[in-house]
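Trainee: Structure here, sequence nowhere to be found:
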């Protein structure tokens, strides 16, 4: 099975413009994400997919494989879909370009179900919510699955509501996805024809397009402490963590 890792990276983020290129201990953030992906031995190749020449040029400077994509994509998944039309592979893994602390074992977890189930089309990760603030934070998508880990719904609200019992663990989405090329083709074609799906548009959560249209999305629970860089405050947290790891000798910056 040929497996390609793709890191979508755009410059014009509404909340934090230019964040793929922000400095973290002497290297741009996109470099840190790429290095984590390089530790996953399942990948046959890894590419950054961008629509911005500044990101493209910085990737070239650091020897990162990069593909220039359209600037008209509505979602990161559409950007992955364009890569899938250019490069032939059996599986594409979407790794977010704003998670420089993402553990290689976490990335690998999104790949493993495809070895066991050749009919699987889509995987996504989730982790148990430990901080109560995340439960009410609308920027954190909560994942609801059935007993087999198949996605039923994702929501920015606090759900499901514990009317019958408080003995329930809540989970949040970890944004690493595995896509078969056929699933990406459906996603992109649907978007061109209809735009976003009904509840996808309401919640603004891309994976809902698949769930709304009857696709089985396999969720895998991981124990991940990654920090997504959505704001300058997040960036400072990541800088502090990376600096401590460098001082402790846990990571090296070459």
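Mentor: Sure, I can see it. Here the structure is a predicted model, which is why all the values come from computation and not from measurement.

Trainee: Now the residue nearest to residue 38 when sequence neighbours are not counted. Its backbone dihedrals?
Mentor: The shortest distance from residue 38 to any non-neighbouring residue, by CB to CB, 6 or more residues apart in numbering, is to residue 46 (6.6 Å). All C-beta spots, glycine's among them, are computed from the backbone N, C-alpha and C. Here is the backbone geometry of residue 46 (degrees, to the nearest 10): phi -130, psi 130.

Trainee: Give me the neighbour count for residue 163.
Mentor: Residue 163 sits with 6 neighbouring residues when counted by other CB atoms under 10 Å.

Trainee: ugh, wrong one, residue 230
Mentor: Neighbours of residue 230 (other CB under 10 Å): 14.

Trainee: Over to residue 158?
Mentor: 16.

Trainee: What of residue 239?
Mentor: Neighbour count of residue 239, defined by other CB under 10 Å: 17.

Trainee: ditto for residue 112
Mentor: A count of nearby residues for residue 112, using other CB under 10 Å, gives 12.

Trainee: do the same with residue 47
Mentor: Look at residue 47: counted by other CB under 10 Å, it has 24 neighbours.

Trainee: So it, which state does it fall into?
Mentor: At residue 47 the chain is in strand, as set by DSSP: H, G, I helix; E, B strand; the rest coil.

Trainee: and the closest residue to residue 180 other than its chain neighbours, how far is that from residue 208?
Mentor: Leaving out its chain neighbours, the residue that sits closest to residue 180 by CB to CB, 6+ apart is residue 121, at 4.7 Å. Applying CB to CB, to the nearest Å, the value for residue 121 to residue 208 is 15 Å.

Trainee: Equivalent analysis for residue 78, please.
Mentor: From residue 78 to residue 208 the distance is 15 Å (CB to CB).

Trainee: who's more crowded, these two?
Mentor: Between residue 78 and residue 208, counting by other CB under 10 Å, residue 208 is the more crowded of the two (23 against 19).

Trainee: what about the nearest residue to that one once chain neighbours are set aside, which helix or strand?
Mentor: Using CB to CB, 6+ apart and skipping the chain neighbours, the partner closest in space to residue 208 is residue 200 (4.1 Å). Counting by DSSP states H and E, the element that carries residue 200 is helix 198-203.

Trainee: can you check residue 35 too?
Mentor: Applying DSSP H and E as the criterion places residue 35 in helix 29-38.

Trainee: So which elements touch that helix?
Mentor: strand 3-9, strand 45-50, helix 53-61, strand 91-95, helix 104-109, helix 232-247 (3 or more CB pairs under 8 Å, 6 or more residues apart in numbering; DSSP states H and E).

Trainee: if we can go back for a sec, my guess is the residue nearest to residue 208 contacts residue 209, does it?
Mentor: Yes - counting by CB atoms under 8 Å, residue 209 is a contact partner of residue 200 at 4.6 Å.

Trainee: per-residue pLDDT, residue 23?
Mentor: Residue 23 is assigned 94 on the pLDDT scale.

Trainee: what is it paired to in the beta sheet?
Mentor: Residue 23 has these beta-bridge partners by DSSP bridges: residue 28.

Trainee: before we move on, the earlier item: mind listing what's buried along the helix holding residue 200?
Mentor: The neighbour-count check on helix 198-203 (16 or more other CB atoms under 10 Å) flags 199, 200, 203 as buried.

Trainee: of those residues, closest to residue 127?
Mentor: Of all the buried residues of helix 198-203, residue 127 sits closest to residue 203, with 19.0 Å by CB to CB.

Trainee: so that closest one makes contact with residue 141?
Mentor: Yes - under the criterion of CB under 8 Å, residue 203 makes contact with residue 141 at 7.5 Å.

Trainee: for the residue lying farthest from the centre of the chain, helix, strand, or coil?
Mentor: Distance to the chain centre peaks in the chain at residue 164, reaching 33.1 Å (criterion: CA atoms, centre = their mean). Taking three-state DSSP as the rule, one finds residue 164 in the coil state.
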